[in-house]
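Trainee: coords please:
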Amino acid sequence: MSGYSQEGATFLFTSESVTEGHPDKLCDQISDAVLDACLAVDPSSKVACESASKTGMALVFGEITTTAQLDYQKIVRGAIKEAGYDDGAKGFDYKTCNVLVAIEQQSPEINAAVTHNTSENEDLGAGDQGIMFGYATDETDVLMPLTHFLATRLAARLSQARKSGEIAWLRPDGRTQVTVEYKIIDRVPTPQRVTCVLIS
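Mentor: So this is what the prediction gives:
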């Protein structure tokens, strides 16, 4: 045995989490809001929606096939407001930001690949693919890795402290990071101690 599988070997594992105002999370929430709005009207909607943001600007773009008639400006501004950006002093204001929309009809090739036009599900395609990393573990009661569990809980608490006014100077964009040292015991990576916590 060698490397991290060697009995007694130690290694560090780090997870991070962000609050609702982080640019990555904000863009996810904008795209999710567009998807939710489409599905609320047309459950058969095909949505490939992406978002990008910069100080004072949000861009929503992609390909959508739906019968829904949507007010993208209202949807995007609502997601930005929900994330906590309601004042220019925070670097972003849903009332005054620039919202750009570049939504087109889904291409016929993608639509044909993802539409049920056959009884064989194996013949269906996907308009977009992604690779995820994750696993279940008994390190925590919620079956998530300890680093992920701690980082997510800290980010949730950070968000709660901002929303309640408990810490008045907090802004919507927050990040937490937790590093745990693991040791291989009986061929199982076992948490030993938290070595680093970062909150920003």
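Trainee: Go ahead and report the secondary structure state at residue 44.
Mentor: Following DSSP: H, G, I helix; E, B strand; the rest coil, the label given to residue 44 is coil.
Trainee: Just give the nearest non-adjacent residue to residue 38, would you?
Mentor: residue 45 (3.9 Å; CB to CB, 6 or more residues apart in numbering). Where you see a C-beta, it was placed from the backbone N, CA and C, and this is true even at glycine.
Trainee: residue contacts, that neighbour?
Mentor: 35, 38, 39, 64, 65, 66, 67, 68 (CB atoms under 8 Å, 6 or more residues apart in numbering).
Trainee: Who are the contact partners of the fourth one?
Mentor: Just to be clear, that refers to residue 64. Counting by CB under 8 Å, 6+ apart, residue 64 touches 34, 38, 45, 46, 47, 48, 49, 103, 104, 105, 106.
Trainee: Now the element after whichever strand or helix holds it, going C-ward?
Mentor: Assigned by DSSP states H and E, residue 64 belongs to strand 57-65. Stepping forward along the backbone from strand 57-65, the first helix or strand reached (DSSP H and E) is helix 72-82.
Trainee: Check which strands are paired with the next helix-or-strand element following that next one and give the direction for each one.
Mentor: Moving toward the C-terminus from helix 72-82, the next helix or strand (DSSP H and E) is strand 86-87. Strand 86-87 has the following sheet partners, assigned by DSSP bridges: strand 92-93 (antiparallel).
Trainee: measure residue 45 to residue 87 for me?
Mentor: 33 Å (CB to CB, to the nearest Å).
Trainee: actually residue 139, not the one I wrote
Mentor: As judged by CB to CB, residue 139 and residue 87 stand 40 Å apart.
Trainee: hang on, the earlier thing: please flag which of the contacts of residue 64 sit within strands.
Mentor: 46, 47, 48, 49, 103, 104 (DSSP state E).
Trainee: of all the residues you listed, which comes closest to residue 171?
Mentor: Closest approach to residue 171 among the ones in strands among the contacts of residue 64 (CB to CB): residue 49, at 26.1 Å.
Trainee: I'd guessed the closest one sits against residue 104; true?
Mentor: No - look at residue 49 against residue 104 with CB atoms under 8 Å: they stay out of range, at 10.9 Å.
Trainee: any residues in contact with both of those two?
Mentor: In contact with both residue 49 and residue 104: 62, 64, using CB under 8 Å, 6+ apart.
Trainee: doesn't residue 132 fall inside a helix?
Mentor: No - counting by three-state DSSP, residue 132 falls outside a helix, being coil.
Trainee: Tell me the pLDDT of it.
Mentor: According to the prediction, residue 132 has pLDDT 70.
Trainee: how many neighbours does it have?
Mentor: 4 (other CB atoms under 10 Å).
Trainee: Let me see the contact set for it.
Mentor: Counting by CB under 8 Å, 6+ apart, residue 132 touches no other residue.
Trainee: Tell me the spacing between it and residue 40.
Mentor: 26 Å.
Trainee: Equivalent analysis for residue 100, please.
Mentor: 23 Å.
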